[in-house]
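[1] next come a sequence and a model predicted from it.
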Amino acid sequence: MALEVIVLAAGMGKRMHSSLPKVLHAVAAQPMLFHVIKTAASLNPQAIHVVLGHGGDKVEAALKQLSPELQALVKVCYQKEQLGTAHAVAQALPQVAASSQVIVLYGDTPLTPKVELERLLAALNEGAALSLLTAEPDNPAGYGRIVRSATGALQGIVEDKDASPEQKAIREINTGMIATTGALLQEYLPQIGNNNAQGEYYLTDLAGLLVQAGQNVVGIKSAPENIELLSGINNKQQLAFVERLYQEHAANQFLMDGLTLADPKRFDLRGELHFGQDCFIDINVIIEGKVTLGNNVVIGAGCVLKDVAIGDNSVISPYTIMERSELKVHTTVGPFARLRPGNVLEDEVHIGNFVEVKNSHIEYGTKAGHLTYLGDSDIGANTNIGAGTITCNYDGANKHRTTIGKDVFVGSDTQLVAPVTVEDGATIGAGTTVTRTVKAKSLVVTRAPLRAIADYERPTKKPKA
């Protein structure tokens, strides 16, 4: 039987105190809705129906940031009036096949574990008409309560605002996530009324209707270790709580897979991280995009890595920022270095403190120790770049490349005005401005003669009157 997923994402999120729709607030640098869609996609559905409402145009525009594969799965519909969760699901029903199994998820619950959703589907396959995910948190206040008979059979769900004192004492709560069929939704949703404290059409009433009709309704309790992961987000405090849950879960998984983290609580994953053996990451490191580490890689404190691949036995010293670059083996970078996009650093390249590199290919063993800018450059093997060197790659309108050969010595405070070439084995004296080709094994220097003025007196300020 085909599977379709309905994701409810129409809420205003008033308690977020933001012009941004609630489901676009970020967890691990991605809109929380994206996490829900990716989890839904992992179940291999035929379609993911996203019900939009408040700020729907912004959410629909944001969905274009998803991968093409996910965009192909997502079907958007609108809930023009926010009349409750049952009404929201009804907006998607015209697109849902009666023969499909259907899971209903929530766009503000980004850490929903896939394993719990698989348990809901398993219950359907074993004969349940409706399976719903429940939990027993330490504090059930604010949640709908699961009402069971004396034998434990599920009888229905009562919302917190409509619950009696006895019902509020029930600890088992409704997470809101259900699995059923398109046919049952089409038959029973129109029977749900709005005679409740909120005057809304509650999806939770579906369970009671099905029980009254003699249908098999199953409540499946979440595993205790997953209860916090089912936390919904309604305000910035809850957003921060879920962010830490995400990071803690990711860090613990990395630890189990062999990564050494100096402090798992001071590590932020905002993308993908792949690593080899014996890698170490110090505190306050941020991982963005797709980052790949080889074996024996050390990442110092405070580094930001985005879309980079770092080869075996490399050391990235503290407070280095790197983006869209490839580093081969035994490279050393930092501290306080910046690799802007487009770099390839070959084996044993050293980029030191306060060095910025952009769109450059640097060959084996070359060193740029400090206080240097290398932009749009091709630099050969075993070349030394002195402190304060600048490749002047921008003429105000266009970018130009600098080509430096192998075994070149570039003295401190050198400016290379691109386009320019320095051939193999050349030496450039400190303080030189290079504007034309430097021939192989030659020495160039543009340095004004030293003048000495004896008995010179510096200007002094005149006393105030």
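    Happy to help now that I have it.

[2] low-confidence stretches in the stretch 201-350 of the chain?
    Residues of the stretch 201-350 of the chain that meet the criterion pLDDT under 70 are absent altogether.

[3] could you pull out the strands in it for me?
    Secondary structure of the stretch 201-350 of the chain (DSSP state E, counting those that start in this stretch): strands located at 217-221, 260-261, 267-275, 280-281, 285-293, 298-299, 304-310, 315-316, 321-327, 332-333, 338-339, 343-345, 350-358.

[4] run through who's touching the last one.
    It stands for strand 350-358. Strand 350-358 has contacts (Cβ atoms under 8 Å, 6 or more residues apart in numbering) with 317, 325, 331-343, 345, 362, 366-377. Yep, even glycine has a C-beta here, placed from its N, CA and C like the rest.

[5] so for Pro463, what's the pLDDT?
    Confidence at Pro463, expressed as pLDDT, is 87.

[6] what values do phi and psi take at it?
    Main-chain torsions, Pro463, degrees, to the nearest 10: phi -60, psi 140.

[7] what about it, neighbour count?
    5 (other Cβ atoms under 10 Å).

[8] residues contacting it?
    No contacts exist for Pro463 under Cβ under 8 Å, 6+ apart.

[9] buried subset of the contacts of strand 350-358?
    Listed as buried from the contacts of strand 350-358 are 317, 325, 331-335, 337-340, 342-343, 345, 362, 366-377; burial here means 16 or more other Cβ atoms under 10 Å.

[10] show me what the lengthiest helix in the chain is packed against.
    When the chain is parsed with DSSP state H, its longest helix is helix 236-256. Here helix 236-256 touches strand 26-27, strand 260-261, strand 267-275, going by 3 or more Cβ pairs under 8 Å, 6 or more residues apart in numbering; DSSP states H and E.

[11] wait, which of those strands is closest to Ile227?
    strand 26-27 (17.6 Å; Cβ to Cβ).

[12] now find how far off-centre the closest one is within its chain.
    The chain centroid and the centroid of strand 26-27 are separated by 7 Å, computed with Cα atoms, centre = their mean, to the nearest Å.

[13] check stretch 219-233 too.
    That offset, for stretch 219-233, works out to 22 Å (Cα atoms, centre = their mean).

[14] likewise for stretch 404-423?
    That offset, for stretch 404-423, works out to 39 Å (Cα atoms, centre = their mean).

[15] end-to-end on that stretch?
    One end of stretch 404-423 to the other measures 6 Å (Cα to Cα, to the nearest Å).

[16] in it, which residues are buried?
    In terms of neighbour count (16+ other Cβ under 10 Å), stretch 404-423 has its buried residues at 404-418, 420-423.

[17] same question for that stretch, mean pLDDT?
    98.

[18] ditto for stretch 358-371
    98.

[19] endpoint to endpoint, it covers what distance?
    Stretch 358-371: ends 14 Å apart by Cα to Cα.

[20] same deal with stretch 20-39?
    Stretch 20-39 has an end-to-end distance of 23 Å (Cα to Cα).

[21] which positions in it come out as buried?
    Buried residues in stretch 20-39, counting neighbours by 16+ other Cβ under 10 Å, are found at 21-25, 27-28, 30-39.

[22] about what we covered before: rebuild the helices and strands packed on helix 236-256 as TSV, extending it with distance to Lys464.
    Converted to TSV, these look like this (distance: least, Cβ to Cβ, whole Å):
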stretch	distance to Lys464
strand 26-27	57
strand 260-261	61
strand 267-275	55
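
[23] and these: which comes nearest Asn216?
    strand 26-27 (35.4 Å).

[24] show me what the closest one is packed against.
    With contacts taken as 3+ Cβ pairs under 8 Å, 6+ apart, strand 26-27 sits against helix 236-256.

[25] what angle sits between the helix it packs on and strand 267-275?
    30 degrees (axes from the mean of the first three to the mean of the last three Cα atoms, to 10 degrees).

[26] quick check: domain ranges of the chain?
    3-230, 259-444 (automatic domain parsing).

[27] next, format these as a markdown table and append distance to Val242.
    Below are these laid out as a markdown table (distance: least, Cβ to Cβ, whole Å):
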| stretch | distance to Val242 |
| --- | --- |
| domain 3-230 | 6 |
| domain 259-444 | 14 |
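
[28] could you pull out the helices for the chain?
    32-41, 56-62, 68-73, 85-92, 114-125, 165-168, 182-188, 205-212, 236-256.

[29] what are the buried residues along the longest one?
    Counting neighbours by 16+ other Cβ under 10 Å, one finds that the buried residues in helix 236-256 are Leu239, Val242, Glu243, Leu245, Tyr246, Gln247, Ala250, Ala251, Phe254.

[30] roughly how far does the second one sit from Gly300?
    Spelled out, that is Val242. From Val242 across to Gly300, the span is 29 Å (Cβ to Cβ, to the nearest Å).

[31] now do the third one
    In this structure, Glu243 and Gly300 are 24 Å apart, going by Cβ to Cβ.

[32] ok, the last one next?
    Taking Cβ to Cβ as the measure, Phe254 falls 17 Å from Gly300.

[33] my guess is Asp263 meets Ile281, correct?
    No - contact criterion Cβ atoms under 8 Å: Asp263 and Ile281 do not qualify, at 9.6 Å.

[34] looking at those two, which one has more neighbours?
    The neighbour count for Asp263 versus Ile281, taken as other Cβ under 10 Å, is higher for Ile281 (28 against 12).

[35] list the residues that contact that one.
    Leu259, Thr260, Leu261, Ala262, Phe267, Ile299.

[36] confirm for me that the first one is in contact with Cys279.
    Yes - checked against Cβ under 8 Å, the pair Leu259 and Cys279 is within contact range at 5.6 Å.

[37] and the end-to-end length of stretch 378-393?
    Using Cα to Cα, the end-to-end distance of stretch 378-393 comes out at 12 Å.

[38] so which bits of that stretch are buried?
    379-381, 383-393.

[39] can you tell me which of the residues you listed lies nearest to His49?
    Asn393 (49.8 Å).

[40] wait, that closest one touches Thr402, no?
    Yes - between Asn393 and Thr402 a contact is recorded at 6.5 Å, counting by Cβ under 8 Å.

[41] now do the residue nearest to the spatial centre of the chain against Ala262, distance only.
    Of all residues in the chain, the one closest to the mean position by Cα atoms, centre = their mean is Arg270, 3.2 Å from it. Distance from Arg270 to Ala262, counting by Cβ to Cβ: 18 Å.

[42] please apply the same query to Ala381.
    34 Å.

[43] ditto for Val218
    Look at Val218 and Ala262: by Cβ to Cβ, they are 45 Å apart.

[44] who's more crowded, these two?
    Taking other Cβ under 10 Å, Val218 and Ala262 do not tie; Val218 has more neighbours (20 against 15).

[45] the more buried one touches Ala123, doesn't it?
    Yes - taking Cβ under 8 Å as the definition, Val218 is a contact partner of Ala123 at 4.8 Å.
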